[in-house]
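Chemist: Would you be able to build a 3D model of this:
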Amino acid sequence: MDGSSPGTFRVGIDIGGTFTDFTVIGDDGSVSLWKQATTSDDPSRAIAEGLEWVAAGLRLKTPEFLERVSLLVHGTTAGTNAVIQRNGPKVGLLATEGFRDILYFRDAFKPERFNIHLEHPGGFVERNLRLGAVERIAPDGEVVTPLDEASVRAAAETFRAEGVRAVAVAFLWSVVNPAHERRAAEILREELGDVDVLCSSDILPEVGEWERTSSTVLSAYILPVIKAYMRKVEDHLSGLGLAHPLLIMQINGGCASVDEVLRRPVNAVHSGPAAAPAAAAWYARELGEDDLITVDMGGTSLDVCVIVGGQAGMSRKLQVESQPIGVPGVDVHSIGAGGGSIAWVDNGGALRVGPRSAGATPGPAAYGAGGTEPTVTDAHVALGRLAPEAFLGGQRKLHDDRSRDAVERAVGEPLGLDLIAAAGGILRVVNANMVGAVRAVSVERGIDPRGFTLVCGGGAGGLHAASLARAIGMKRVLIPREAGTFCAFGMTVTDVRHDHSRALHAVSSDERFEEVDAAFAEMEAEARERLEASGFGPDQIEIQRSVDARYVGQVHEITIPVPPAEAYGPTQMREIEERFNAEHRRHFTYAREGLPIEFLHWRVTGVGRIPETRQPAPARGDGRALVPAGTRGVWFEEVDAVVETAVHWMEALSPGDRISGPAIVQSSTTTIAVNPGDVLSVLDNGSYAIDVDIESAAAAQLTTTTTTGANR
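Modeler: Sure thing, here's the model as predicted:
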């Protein structure tokens, strides 16, 4: 915080398992970053406390600050946590009679189909609360069996007696005729009063009974939780003077108003991690980098995403707790590998790290808040990689003695290792876990990561970035200046986004052009209406069209962009076919030109463009030689030794500065380890690039102050 106070501000707030991050961007391009310990019992309290600190840093009272906030986007873990911890409210499912077990039978495939010991992942609705209603709609939308309203009222009586807080209604073929679902929902609301009722035709109007039902059940499961939380935060901020509506980060990489998110609650799952690719894509445009792999390492998890051609990958196959989410989401792969991940020795004597985390409370042993188990953070402290006095700008003192004690007791003694070997082993294991996560989104999908730039965010990302790149064979690392609050920054540069879809089966050899035109017109009108209601003018609204397509007879489809047109005809259909064949060739190395193409879902994405962020370039240095703030002994995996290392403060660096490793570059929100043989450069925008020397063995020849490895 520099005390400057421009006219208006954009604010991003990301709640993580350990810290709640704040990024504030002024209309003059100034950037302020803040990390506040997450209050897991009431996350909104960390928001209030953090905003108070942010405002004070700008020499303002909280109401004065919020009155000048033009955009506030919040990423919340409330929905995701409810699903992962399975501590949400009791919910019910009303399905077509005879189909109440769709959640149990799933798609008839096991995630590990040859594992006979694999347990069923379970669902979020107890079987006695999965009820049937007498009704039937045919695939063409015709009514086969009229809705028996008495069966719906009987189900409502059961739900009432069981204390159900929300009900998901998912009938067969409601995607082509939602009349029965809508009427059943009306009856349930009449009978159950304040109980939330959601229809699958509103949540996911697409073919695929299991996915559609799962998405609706997940929405019902988290709705009571996120509604109470979001309304509380919304009312609190409004009461303090926030003039503009609170926006929520969505799984699709865009944001939306609280009302819009509550219309389709499943979009709030993975709300925070979806912002990291948005931040990386912004940097891709600014730096002219098209192909990136983003790694966001916070206190609890590691989130990885591939960006090709400046665009983050999207998927409709995402799952949470083995349940399909259904809606399109940013394709982020997450593992339990963060600064708070706990190191432990399993029954076979192997060192493991994560997925369990110490979280914000009690946190790593170094916090001195009651934590006694060693974490990744404790390993860094024990190895001199984190300065106890520099953490969070000194607002939290790290206790290096407690870190050493925890590592020695829980890892060193069981494995017969000294302190340095034990702590180094923790970092080696977590680095291997991170390499596996990157390979999962790249190599295992046919992508060679070696030509990509690795973008590392999160408070812990910079400590692992270069080692991770070296292990994968990547030569360049980018660490944004907002790395410590990477997702929160992404929220300040993301657009408002609404996704719409219609199930309309067609084949490219058919001539159902008028139906396609009508579907697009209906969805676009709805998209524009919602965006205009959010305050966007015609010149700020962008409409994107796409379709799910496959060759006739295929099981899986791919989504391809559809060219805009006032009306579709044979010419436009040929262009769609060409796009599909090209995309199929890119995915699977072949295409079958001339074969009919089957279309399932036609899609419209409405985007409300947020004014572009302009950040002034920091002044370049005067060319004088850099003088480190000091030196300390730091362990590096590359040499398996503690090396006397120069320490620099980020605030003292300027564009054009270059630092050769070994070196530590630290700030109040993140720390960068520059490994022996690597070179860190400060870019014109104030971010940091590391050129990774993956070929040279010169690093191994360095003179070290302490030799390690004797006890392995």
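Chemist: And the pLDDT at Arg609?
Modeler: We have a pLDDT of 91 for Arg609.
Chemist: typo on my end, it should be Glu695
Modeler: Value listed for Glu695 in the pLDDT field: 72.
Chemist: and if you look at Val430?
Modeler: For Val430, the model assigns a pLDDT of 95.
Chemist: Provide a list of residues in contact with the closest residue to it other than its chain neighbours.
Modeler: Taking C-beta to C-beta, 6 or more residues apart in numbering, and ignoring the residues beside it in sequence, Val430 has Val353 as its nearest neighbour in space, at 4.5 Å. Bear in mind the C-beta positions are built from the backbone N, C-alpha and C, glycine included. Going by C-beta atoms under 8 Å, 6 or more residues apart in numbering, Val353 touches 337, 341-344, 376, 426, 429-430, 433.
Chemist: can you name the farthest residue from the center of this structure?
Modeler: Ala150 (43.3 Å; C-alpha atoms, centre = their mean).
Chemist: Figure out the helix or strand that it lives in.
Modeler: Applying DSSP states H and E as the criterion places Ala150 in helix 149-162.
Chemist: ok, and the closest non-adjacent residue to Ala185?
Modeler: Val197 (4.8 Å).
Chemist: mind checking the SS state of Cys205?
Modeler: Cys isn't right for residue 205; it's Pro. Classification of Pro205 by DSSP: H, G, I helix; E, B strand; the rest coil places it in coil.
Chemist: hey, where'd the strands end up in the stretch 201-350 of the chain?
Modeler: Listed in chain order, the strands of the stretch 201-350 of the chain (DSSP state E, counting those that start in this stretch) span residues 247-249, 255-257, 292-297, 302-308, 311-312, 314-315, 319-320, 323-324, 329-330, 333-335, 341-345.
Chemist: out of those strands, deepest packed?
Modeler: Stretch with highest mean neighbour count among the strands of the stretch 201-350 of the chain: strand 292-297 (a mean of 28; mean count of other C-beta atoms under 10 Å).
Chemist: what are the pairing partners of that one, and which direction each?
Modeler: For strand 292-297, the paired strands and their directions (DSSP bridges) are strand 302-308 (antiparallel), strand 453-457 (parallel).
Chemist: Just put the ones you listed in CSV and tack on distance to Val217 and mean pLDDT.
Modeler: CSV is the format used below for these (distance: least, C-beta to C-beta, whole Å; pLDDT from 0 to 100):
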stretch, distance to Val217, mean pLDDT
strand 302-308, 25, 90
strand 453-457, 33, 92
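Chemist: Make TSV from the ones you listed and add distance to Arg609 to it.
Modeler: As requested, the strands paired with strand 292-297 are exported to TSV (distance: least, C-beta to C-beta, whole Å):
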stretch	distance to Arg609
strand 302-308	19
strand 453-457	23
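Chemist: gap between stretch 431-439 and the chain center?
Modeler: Computed by C-alpha atoms, centre = their mean, to the nearest Å, the chain-centroid distance of stretch 431-439 equals 17 Å.
Chemist: Any buried residues in that stretch, and which?
Modeler: When burial is assessed from 16 or more other C-beta atoms under 10 Å, stretch 431-439 yields the following buried residues: 431, 433-435, 437-439.
Chemist: and Thr18, what does it touch?
Modeler: 37-38, 298-300, 338-340, 357-360, 363.
Chemist: Let me know the pLDDT of it.
Modeler: Reported pLDDT for Thr18: 75.
Chemist: Quick check: chain neighbours aside, which residue is closest to it?
Modeler: Gly299 (2.5 Å).
Chemist: do the same with Ile543
Modeler: Glu524 (5.4 Å).
Chemist: Could you report the separation of that neighbour from Asp517?
Modeler: According to C-beta to C-beta, to the nearest Å, Glu524 and Asp517 sit 11 Å apart.
Chemist: cool, Gln250 as well?
Modeler: To Asp517, Gln250 is 28 Å away according to C-beta to C-beta.
Chemist: quick one: which of these two has more around it?
Modeler: Gln250 (30 against 15; other C-beta atoms under 10 Å).
Chemist: so what's that one closest to, chain neighbours aside?
Modeler: Asn267 (4.3 Å).
Chemist: what number of residues lie near the one you found?
Modeler: Neighbour tally, Asn267, other C-beta under 10 Å: 31.
Chemist: do the same with Asp42
Modeler: 11.
Chemist: what does Thr589 give?
Modeler: Thr589 has 8 neighbours, counted by other C-beta under 10 Å.
Chemist: per-residue confidence at it?
Modeler: So, for Thr589, pLDDT stands at 88.
Chemist: Residue numbering should commence at 16 henceforth.
Modeler: Will do, 16 is the new start, and the previous item becomes Thr604.
Chemist: Which helix or strand in this protein has the lowest average pLDDT?
Modeler: In the chain, no helix or strand scores lower on mean pLDDT, DSSP states H and E than strand 721-722, which sits at a mean of 39.
Chemist: about what we covered before: quick one: the residue nearest to Ala200 from Val167, how far?
Modeler: 11 Å.
Chemist: Low-confidence bits of this protein, can you list those?
Modeler: 16-21, 405-411, 628-640, 711-727 (pLDDT under 70).
Chemist: quick one, domains of it?
Modeler: Domain assignment of the chain by automatic domain parsing yields the ranges 16-92, 98-242, 356-445, 511-623, 645-722.
Chemist: Please identify which of these is closest to Arg300.
Modeler: Closest to Arg300 of the domains of the chain, according to C-beta to C-beta: domain 645-722, at 11.7 Å.
Chemist: And the helices in the stretch 16-165 of the chain?
Modeler: Along the stretch 16-165 of the chain, the segments classed as helices by DSSP state H, counting those that start in this stretch run 58-72, 77-82, 93-100, 117-120, 164-177.
Chemist: Isn't the residue nearest to Gln265 up against Ser272?
Modeler: No - the pair Asn282 and Ser272 fails to qualify as a contact (C-beta atoms under 8 Å) at a distance of 11.6 Å.
Chemist: Spit out the residues that contact the two alike.
Modeler: Counting by C-beta under 8 Å, 6+ apart, nothing touches both Asn282 and Ser272.
Chemist: which ones are touching the residue nearest to Arg491 when sequence neighbours are not counted?
Modeler: Distance criterion C-beta to C-beta, 6+ apart; nearest residue to Arg491, sequence neighbours excluded, is Thr468 at 4.8 Å. Contact analysis of Thr468 by C-beta under 8 Å, 6+ apart lists 304, 306-308, 489, 491-493.
Chemist: List buried residues within those.
Modeler: For these, a burial check counting by 16+ other C-beta under 10 Å picks out 304, 307-308, 489, 491-493.
Chemist: Which pair of the residues you listed spans the longest distance?
Modeler: Glu304 and Met489 (12.5 Å).
Chemist: so how far is stretch 33-44 from its chain's centroid?
Modeler: The answer for stretch 33-44 is 18 Å, by C-alpha atoms, centre = their mean.
Chemist: for stretch 347-358, same thing?
Modeler: 13 Å.
Chemist: quick one: the residue nearest to Thr33 and Arg60, what's the gap?
Modeler: Distance from Gly314 to Arg60, by C-beta to C-beta: 17 Å.
Chemist: So which of those two has more stuff around it?
Modeler: Under the neighbour definition other C-beta under 10 Å, Gly314 and Arg60 were set side by side, and Gly314 has more, 27 against 15.
Chemist: from memory the more buried one sits against Gly499, does it?
Modeler: No - between Gly314 and Gly499 there is no contact under C-beta under 8 Å: 11.4 Å.
Chemist: quick one: what helix or strand has the residue lying closest to Val577 once chain neighbours are set aside in it?
Modeler: Distances taken as C-beta to C-beta, 6+ apart place Arg560 nearest to Val577, at 4.0 Å, with adjacent residues excluded. Using DSSP H and E, Arg560 maps to strand 556-566.
Chemist: neighbouring strands for that strand, and are they parallel or not?
Modeler: When DSSP bridges is applied, strand 556-566 pairs with strand 573-576 (antiparallel), strand 612-623 (antiparallel).
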